[in-house]
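Engineer: return atomic coordinates for the entry below.
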Amino acid sequence: MARRRHGFTLLEMLIALGVFAVIGVMSSQILSGIVDLSDTVRDRSEELEELQRAMFIISRDIEQMTRRPVRDAFGDSTAAIIIGEPLIEFTRRGWQNPLRSPRSELQRVAYTVADGDLVRQFWPLLDRGPDTEPIDQVLLQGVADVEFLAHASRGDEFRYWPVAVNADDDENALEAIELRLDHAVYGRLDRLWPVAPPGDFLSAGDQPGLPGTERRDSDGELDPDMEPTS
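Structural biologist: Residues are numbered from 1 along each chain as shown. Sure thing, here's the model as predicted:
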């Protein structure tokens, strides 16, 4: 007597297909969520790296600040440190010169905001000519608001520097610079940097590290009474 063969009924097949369909949809949603999370983590990591790099560059510039005024494109003397418009502009030391090019190791830098980006500008020369243009470096994107503040030794806080009265008065000298930054992702960030006292700043004639431009006397010795060229 032949054995009777048993198989799946149509209803059982439909139920099995339905279960597999539900498992497939759930797996697809889980995989899509993992991919989206990975993209979000990567984007946040890149934004954090960009923020840390920008803060490092700003800190490096301000910590190497020196009181060296410059001449603008019209030949007029500008203040050594300007806060307000642009956001901040000053001279810094430590412009590396590994190729020993005939230039100063002082650098004039400025920070401004353009289209929601924090931009660092620097000039190839300290004293500019009519055709000297700044070089732009985009440091940070997604910036809602940026402000630099000057803190004087008397405890005053200024949105503009130099101030109209007692700007060079040792009794109310610039003592610290504060950065207030609103980032689209990380929110409000505040940083405060102390500024060296006026006696520690370079004068207008000091330009260290300017190879090949030192003034020498007839015996080939450095002449301390002659200013180096910029």
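Engineer: where does Arg100 land in three-state SS?
Structural biologist: The three-state label given to Arg100 by DSSP: H, G, I helix; E, B strand; the rest coil is coil.
Engineer: likewise for the one 4 residues further on?
Structural biologist: Assigned by three-state DSSP, the conformation of Ser104 is coil.
Engineer: the helices in the chain, which residues?
Structural biologist: Assignment of helices within the chain using DSSP state H yields the ranges 10-63.
Engineer: where exactly do the strands run in this protein?
Structural biologist: 65-66, 70-71, 77-78, 81-83, 88-92, 107-114, 117-122, 135-140, 143-152, 157-158, 174-183, 187-194 (DSSP state E).
Engineer: just checking, which of these sits deepest inside the structure?
Structural biologist: Counting by mean count of other C-beta atoms under 10 Å, strand 88-92 has the highest mean neighbour count of the strands of the chain, with a mean of 24. The way it works is simple: take the backbone N, C-alpha and C, and place the C-beta from them, glycine included.
Engineer: now do that strand: which elements does it pack against?
Structural biologist: helix 10-63, strand 65-66, strand 81-83, strand 107-114 (3 or more C-beta pairs under 8 Å, 6 or more residues apart in numbering; DSSP states H and E).
Engineer: quick one, which of the ones you listed gets closest to Ala152.
Structural biologist: Of all the helices and strands packed on strand 88-92, strand 81-83 sits nearest to Ala152, with 11.5 Å by C-beta to C-beta.
Engineer: pLDDT on the closest one, on average?
Structural biologist: Mean pLDDT, strand 81-83: 92.
Engineer: next one: stretch 154-169
Structural biologist: Mean pLDDT, stretch 154-169: 74.
Engineer: do the same with stretch 45-56
Structural biologist: On average, stretch 45-56 scores 90.
Engineer: circling back to that earlier point, just put the strands of the chain in a markdown table and tack on distance to Phe20.
Structural biologist: Below are the strands of the chain laid out as a markdown table (distance: least, C-beta to C-beta, whole Å):
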| stretch | distance to Phe20 |
| --- | --- |
| strand 65-66 | 68 |
| strand 70-71 | 74 |
| strand 77-78 | 74 |
| strand 81-83 | 67 |
| strand 88-92 | 64 |
| strand 107-114 | 55 |
| strand 117-122 | 50 |
| strand 135-140 | 49 |
| strand 143-152 | 49 |
| strand 157-158 | 68 |
| strand 174-183 | 47 |
| strand 187-194 | 46 |
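Engineer: ok, Thr60 to Arg92 distance?
Structural biologist: In this structure residue 60 is Arg, not Thr. 8 Å (C-beta to C-beta, to the nearest Å).
Engineer: was I right about Arg120 contacting Val109?
Structural biologist: Yes - the pair Arg120 and Val109 passes the contact test of C-beta atoms under 8 Å, sitting 6.4 Å apart.
Engineer: what do the two both touch?
Structural biologist: Residues touching both Arg120 and Val109 (C-beta atoms under 8 Å, 6 or more residues apart in numbering): Asp61.
Engineer: show me where the protein dips below the pLDDT cut-off.
Structural biologist: 1-8, 164-171, 198-230 (pLDDT under 70).
Engineer: and the residue nearest the centre of it?
Structural biologist: Ala54 (3.7 Å; C-alpha atoms, centre = their mean).
Engineer: my guess is that residue contacts Gly142, does it?
Structural biologist: No - checked against C-beta under 8 Å, the pair Ala54 and Gly142 is beyond contact range at 11.0 Å.
Engineer: hey, what's in contact with both of those two?
Structural biologist: Counting by C-beta under 8 Å, 6+ apart, Ala54 and Gly142 have no shared contacts at all.
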